[in-house]
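Colleague: this is a predicted model, with the sequence first.
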Amino acid sequence: MAIERTFSIIKPDATKRNITGKVNALIEGAGLKIVAQKRIQMTRAQAETFYGVHKERPFFGELVDFMISAPVVVQVLEGEGAISRYREVMGATNPANAVPGTIRKECALSVGENSVHGSDATETAAIEIAQFFSANEIVG
Ligand code: GTP
Ligand code: MG
């Protein structure tokens, strides 16, 4: 499988509990390399753009409020088949359905406060990375 890059967010529930290192250890333990990372306070406009695909969903307002409720850590992860690999490492959206050893099983609180985001396809990974990083901030 090809070397890919995917976009990750460590969400407010995890930054609030000071467990970003625990999440990063699971990422690195899965063979993914963190090639860019920064801690930011997302603006409402950034969160609405980022989750624009969900704007008609009933939980959209709650999702945006949550994403700006505390700092997040935005990341670019690199590795063999990084997009699908990271989805596996994250685990199911609802932590109640996540497999032991996954980030969401080990860290998440609920379907809303689910600790991490990961891109779902090549095209979305490229768009999401470009929303938060310039090329010279990514060092593989
Ligand atoms: P992301 O990596 O964050 O995109 O998660 P996902 O791809 O596993 O799930 P999806 O794209 O379907 O949903 C995006 C995010 O919306 C989820 O990660 C949750 O944080 C949130 N979400 C999804 N369903 C619900 C819900 O029923 N209630 C609330 N509050 N949030 C939800
Ligand atoms: Mg998604």
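Modeller: Cool, the structure landed. Ligands and ions are numbered 1, 2, ... in the order given.
Colleague: report how many residues lie close to the closest residue to Thr15 other than its chain neighbours.
Modeller: In this structure, Thr15 finds its nearest non-sequential neighbour in Pro71, 5.0 Å apart by C-beta to C-beta, 6 or more residues apart in numbering. Using the backbone N, CA and C atoms, a C-beta is placed for each residue, glycine as well. Look at Pro71: counted by other C-beta atoms under 10 Å, it has 17 neighbours.
Colleague: try Arg104
Modeller: Neighbours of Arg104 (other C-beta under 10 Å): 22.
Colleague: one more: Gln131?
Modeller: Neighbours of Gln131 (other C-beta under 10 Å): 12.
Colleague: do the one 4 residues further on as well
Modeller: Using other C-beta under 10 Å, the number of residues around Ala135 comes to 8.
Colleague: ok, it to Glu4 distance?
Modeller: Per C-beta to C-beta, to the nearest Å, Ala135 is found 16 Å from Glu4.
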